[in-house]
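[1] sequence first, then the predicted structure, then my questions.
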Amino acid sequence: AEAGITPSSAADDAAAVLKKRGYRVEVRDTGTDRPSVGAERGLSKELGNLVFHTSLIGVLVSVAVGSLFGYNGQKVIVEGDSFVNTLVGYDSFTPGSNFSGDQLEPYSIRLDAFDVQFDRSQPSNYGSPIDFTVNVTTQDGPGAEPEEQVLKVNDPITIGGTSVYLVGNGYAPVVTIRDGEGNVALEGPVVSVPSDGLYTSLVVIKAPDAKPEQLGFVGFFLPTAFVDEAGVSFSRDPDPFNPQLNLNAYYGDLGLDEGNPKNVYVLDTEDLTELNSRTSENGGIVLGAEETYELPEGKGSITFEGLRRYVALDIHHDPGQLGALVFSTLALTGLSASLFIGRRRMWVRTGAHADGRVMVEYGLLARGSDHRLPGEAKAVGGLLAKRWLVQQQRTGENELQTAGARAAGSGTGNSSNDEKDK
């Protein structure tokens, strides 16, 4: 009472303290001798719960949009060649359920150079690839300016609403095949499929335009060819220090004239006649760079002109990707709020004690289990006590200053009496 604290002012003080701690406060029973305060916090926990469940629906809708209107395609590009974003430009294409050809943005990608760095410093990892760098020139539309870009593993380029990923690479031997009439039946790079870390690669070559018989070749490519004691060729290094083609030759019907799709990396020899192999009289075909082999029976020739690299690209379009990212972020935020924000209520009741003091009672209640509730009760109690202690100290200082002023004003001018009064 000496500090001027009344039940009403105590309730106002409690409301002010709780507001600073983020509670929604309501002062009740004002004007009576037992005013109280009702406070609540943590409604954002329920908001987070609502945001989390709503965002889950948004994620599902975004994924559905991507599945319906998105597409995924693969393309192999040899150095110096280009890819145009049309249906016929893909090697394989997987459209969404509601895909339309109008979704394909007209852009192009030209492979300028492909560089691979192999480990040469550590004997245990000698020859292992450590970096892939693809230099491409892109044109985002017919009237757009060409732009030079760099594509790396796990670092795709974005163009025309698609993401372009590097998923594979290898060698493409450049060959020239002449048929039995001396005409060029096939000329250009042939993609080989690596089978190990040293880029020992499967090679399938088909020349359906050869006359009078169609020609087919199957074998393997060695970047750095060596021959062991048993006469078996193998590659000792992934870099092309001694490139070599080892092939078997066939002639006959390749089965391409019937219009049925065929795997370009598989040669069906059922309807073909063997010309060359390691087990035949003519032996297998072994070609180094810039070497030519004349086929038996006047069937033509094959020349190993040179070597290029190629890259395998995965082109992905997902119109629901951004929505899935936004909603998943919101879902994570809402889940965090619902897990870590505590919802609790607090009541403060004040009233005059029989001896003139003000009695303050307070209590807290959590919705569910909340191990932080005792700590919150202790913190609020400390803040209330500190606030009223400061008020008491200020009241005591004011009373002391008032008493000193009265004593100073009642002096008689006698220095000894003045000192005594002080």
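    Structure's in. What do you need? Everything numeric in this text was worked out from a predicted model, so none of it was measured.
[2] and the helices in the stretch 1-150 of the chain?
    For the stretch 1-150 of the chain, the helices defined by DSSP state H, counting those that start in this stretch cover 7-20, 43-69.
[3] one more: the stretch 251-400 of the chain?
    Counting by DSSP H, counting those that start in this stretch, the helices of the stretch 251-400 of the chain are 321-340, 373-409.
[4] quick one: average pLDDT of the last one?
    What that stands for is helix 373-409. When pLDDT is averaged along helix 373-409, the result is 68.
[5] can you list the weak-confidence ranges in this structure?
    Of all residues in the chain, those with pLDDT under 70 make up the ranges 1-3, 390-422.
[6] any idea how it splits into domains?
    Domains of the chain are assigned by automatic domain parsing as 7-42+342-421, 71-317.
[7] count of neighbours near the nearest residue to residue 342 once chain neighbours are set aside?
    Excluding the flanking residues, the one nearest residue 342 by CB to CB, 6 or more residues apart in numbering is residue 370, at 4.8 Å. For the C-beta atoms, the positions are set from N, CA and C on the backbone; glycine is no exception. Neighbourhood size, residue 370 [other CB atoms under 10 Å]: 16.
[8] what do you get for residue 279?
    Neighbours around residue 279, by other CB under 10 Å: 8.
[9] cool, the one 4 residues further on as well?
    The number of residues packed around residue 283, counting by other CB under 10 Å, is 12.
[10] I'd assumed residue 274 was in contact with it.
    No: with contact defined as CB atoms under 8 Å, residue 283 does not reach residue 274; the gap is 11.7 Å.
[11] ranges for the strands of the stretch 1-150 of the chain?
    24-28, 36-41, 71-78, 82-84, 92-95, 108-118, 129-139, 147-151 (DSSP state E, counting those that start in this stretch).
[12] just checking: what are the partner strands of the last one?
    Just to be clear, that refers to strand 147-151. Partners of strand 147-151 in the sheet, by DSSP bridges, are strand 129-139 (antiparallel).
[13] then the fourth one?
    Using DSSP bridges, the strands paired with strand 82-84 are strand 108-118 (antiparallel).
[14] now do the partner strand: distance to the chain's middle.
    Centre-to-centre, strand 108-118 and its host chain are 23 Å apart (CA atoms, centre = their mean, to the nearest Å).
[15] got it, and stretch 22-34?
    That offset, for stretch 22-34, works out to 52 Å (CA atoms, centre = their mean).
[16] now do the same end-to-end measure for it.
    Stretch 22-34 has an end-to-end distance of 24 Å (CA to CA, to the nearest Å).
[17] quick one: buried residues of stretch 219-234?
    For stretch 219-234, burial by neighbour count (16 or more other CB atoms under 10 Å) applies to 219-225.
[18] what does stretch 94-104 give?
    If you call a residue buried by 16+ other CB under 10 Å, then stretch 94-104 has these buried ones: 95-96, 99, 103-104.
[19] pick out the most distant pair among those residues.
    Using CB to CB, the two most remote members of the buried residues of stretch 94-104 are 96 and 104, lying 12.4 Å apart.
[20] how near is the residue nearest to the spatial centre of the chain to residue 11?
    Nearest to the geometric centre of the chain sits residue 154, at 8.9 Å (CA atoms, centre = their mean). In this view, residue 154 and residue 11 are 62 Å apart by CB to CB, to the nearest Å.
[21] helix or strand for the closest residue to residue 217 other than its chain neighbours, which one?
    Excluding the flanking residues, the one nearest residue 217 by CB to CB, 6+ apart is residue 205, at 4.0 Å. Taking DSSP states H and E as the definition, one finds residue 205 inside strand 201-207.
[22] mind saving the C-alpha coords of that strand as PDB?
    Only the C-alpha atoms of strand 201-207 are listed here, as PDB (Å, rounded to 0.1, in the frame of the first residue of the first chain):
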ATOM      1  CA  SER A 201      32.800 -49.300 -75.500                       C
ATOM      2  CA  LEU A 202      30.300 -51.300 -77.500                       C
ATOM      3  CA  VAL A 203      30.000 -50.300 -81.100                       C
ATOM      4  CA  VAL A 204      27.200 -51.100 -83.500                       C
ATOM      5  CA  ILE A 205      27.300 -49.800 -87.100                       C
ATOM      6  CA  LYS A 206      24.500 -50.200 -89.600                       C
ATOM      7  CA  ALA A 207      24.700 -49.300 -93.300                       C
END
